[in-house]
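S.K.: let's see this in three dimensions:
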Amino acid sequence: MINGKYHTERICKGEKIVIDIAEICGRYEIAVLGKGGKELEMETVRTIQEARDIYAEYLKKYPESPAPLTGKYQKLADDLKTAIETGKAAEAKNPEDGGASNFDATLICLKGWTEKKVIQAAKEAGTTAQKYRPGLFVINPITNGQADARSRNEKATTAKLSELGYQTADYCCMD
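M.R.: Next up is the predicted model:
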């Protein structure tokens, strides 16, 4: 560690790792250490700038894993999976895709929920979510359509989430 900088501890793929730069005899060692101090990677360079560049690469290569979802966020992920499957089934039942191209999606009200965790729940459910406004999120359908098929998918997804107890609405937008 150099002057308290360039030392990162994080959980990556369920394992605690350390990424660190150390100055030793006028050279810089950049190391990634795993469980029990096991060396995962290490490089030695002559300049601090080279060391900083490699450190930055290691930070990207070993991203921090989010904490596992629990409680209402895990329930949301499970409910989103169920709703997504319901939407996909509705689309498969009638795949006709005439009409205007659109960006229909589900709008879900989750006031007081943590944005990062909602996005993680959507990702774990196999879809994406974006914050629309504070407490409101857009959940994207998993669809092969871009017009009427997408609309049927989204409406079924929205209805299922409503049935599961969430406050929802259709987000309709034509291209």
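S.K.: following the longest strand along the chain, which helix or strand shows up next?
M.R.: In the chain, ranked by residue count with DSSP state E as the criterion, the top strand is strand 15-24. Past strand 15-24, heading to the C-terminal end, the next element that is a helix or strand (DSSP states H and E) is strand 27-33.
S.K.: so which residues of the protein form helices?
M.R.: In the chain, the helices defined using DSSP state H lie at 48-61, 71-93, 115-125, 148-163.
S.K.: before we move on, the earlier item: in its sheet, which strands sit next to the longest strand of the chain, and in what direction?
M.R.: Next to strand 15-24 in the sheet, as set by DSSP bridges, lie strand 7-12 (antiparallel), strand 27-33 (antiparallel).
S.K.: which of the ones you listed is buried the deepest?
M.R.: The highest mean neighbour count among the strands paired with strand 15-24, using mean count of other Cβ atoms under 10 Å, belongs to strand 27-33: a mean of 19. All C-beta spots, glycine's among them, are computed from the backbone N, C-alpha and C.
S.K.: circling back: of the helices of the chain, flag the one that's most buried.
M.R.: Among those, ranked by average contacts under mean count of other Cβ under 10 Å, first place goes to helix 148-163 (a mean of 22).
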